[in-house]
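A.B. asks: quick one: sequence plus predicted model below, questions after.
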Amino acid sequence: MAHDVDWPQAEATGEVFDLDWYNTGTAKAITATELEVIDRALKAQDPGVVLYAPNIPAYVRTEYHRQYFVRSFGTQFLHQPHEILAAGNVRGIFYLEWSEFIDHMKRTNHLEEALALTYECIDAAERIERIDHMEPGPGWYEKAAIILRKMNDYEAEIRLIEDAVRRYPNFSHLEQRLPTARKLLAKQLP
């Protein structure tokens, strides 16, 4: 699956952000002891306590997230009509699978690439809404707003939030970001 994906690239360096949690081959590198850790994390109320212990390597957290996604969403999406799966396709992957990847790019300061991918995921969620009348999750809009704030593009952040709240009244909690964004924009203007 990973080789069929159109992975984002850093504009300046051309580095490809190909993370291994989308590759099912990752599981073969996990030891039996590490699988026990993953199993404990999947059963735990707070998996972070298990996964972020000092001796747990990052690739174990990666495998946890892959397994969590498959267990939580895999069978649900297997039973979705083909048009839903096609509408949710972003660069060869169902759009929900990009969430942690976008967070990784955001943390590593690849903001332009993270924002572009987030907008693609928002578009996919909105395409599904047109077919299934399923409101997209506010998390995608919040991700975009956070990235725009990190990029100091307060005007775009304000437009995004106002548009999202106008279209989806249930997203009103996003309006909490507006006063700060407006203050930051006022400071930025000459």
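C.D. replies: Noted; the coordinates are in hand. Predicted model, so just to flag it, every value in this text is computed and none were measured. Numbers count the residues shown, from 1 in each chain.
A.B. asks: just the CA atoms of stretch 31-39, as CSV, please.
C.D. replies: Extracted in CSV, the C-alpha atoms of stretch 31-39 (Å, rounded to 0.1, in the frame of the first residue of the first chain):
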residue,chain,number,x,y,z
THR,A,31,9.2,-8.3,18.6
ALA,A,32,6.8,-10.4,20.8
THR,A,33,7.6,-8.2,23.8
GLU,A,34,6.8,-5.1,21.8
LEU,A,35,3.5,-6.6,20.6
GLU,A,36,2.6,-7.2,24.3
VAL,A,37,3.3,-3.4,24.9
ILE,A,38,1.0,-2.5,21.9
ASP,A,39,-1.7,-4.9,23.1
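A.B. asks: contacts for that stretch?
C.D. replies: 30, 50-51, 56-57, 60, 63-64, 67 (CB atoms under 8 Å, 6 or more residues apart in numbering). C-beta coordinates here come from the backbone N, C-alpha and C atoms, glycine included.
A.B. asks: can you find the helix or strand of this structure with the lowest average pLDDT?
C.D. replies: Within the chain, no helix or strand scores below helix 75-78, which has a mean of 51 by mean pLDDT, DSSP states H and E.
A.B. asks: which residues in the protein form helices?
C.D. replies: Taking DSSP state H, the helices of the chain run over residues 32-43, 47-51, 58-69, 75-78, 82-87, 99-107, 111-132, 138-150, 154-167, 178-188.
A.B. asks: check which residues of the last one are buried.
C.D. replies: Same thing as helix 178-188. For helix 178-188, the neighbour count (16 or more other CB atoms under 10 Å) marks 181, 185 as buried.
A.B. asks: now that helix against helix 138-150, angle please.
C.D. replies: 20 degrees (axes from the mean of the first three to the mean of the last three CA atoms, to 10 degrees).
A.B. asks: contacting residues around helix 178-188?
C.D. replies: 145, 149, 152, 154-155, 157-158, 161-162.
A.B. asks: got these as a markdown table, with distance to residue 189 columns?
C.D. replies: Shown next, in a markdown table, are the contacts of helix 178-188 (distance: CB to CB, whole Å):
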| residue | distance to residue 189 |
| --- | --- |
| 145 | 19 |
| 149 | 16 |
| 152 | 12 |
| 154 | 9 |
| 155 | 9 |
| 157 | 14 |
| 158 | 12 |
| 161 | 18 |
| 162 | 18 |
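A.B. asks: list only buried entries from those residues.
C.D. replies: Buried, going by 16+ other CB under 10 Å: 145, 149, 154, 157-158, 161, out of those.
A.B. asks: quick one: closest of the helices of the chain to residue 93.
C.D. replies: Residue 93 sits nearest to helix 99-107 of all the helices of the chain, at 8.8 Å, using CB to CB.
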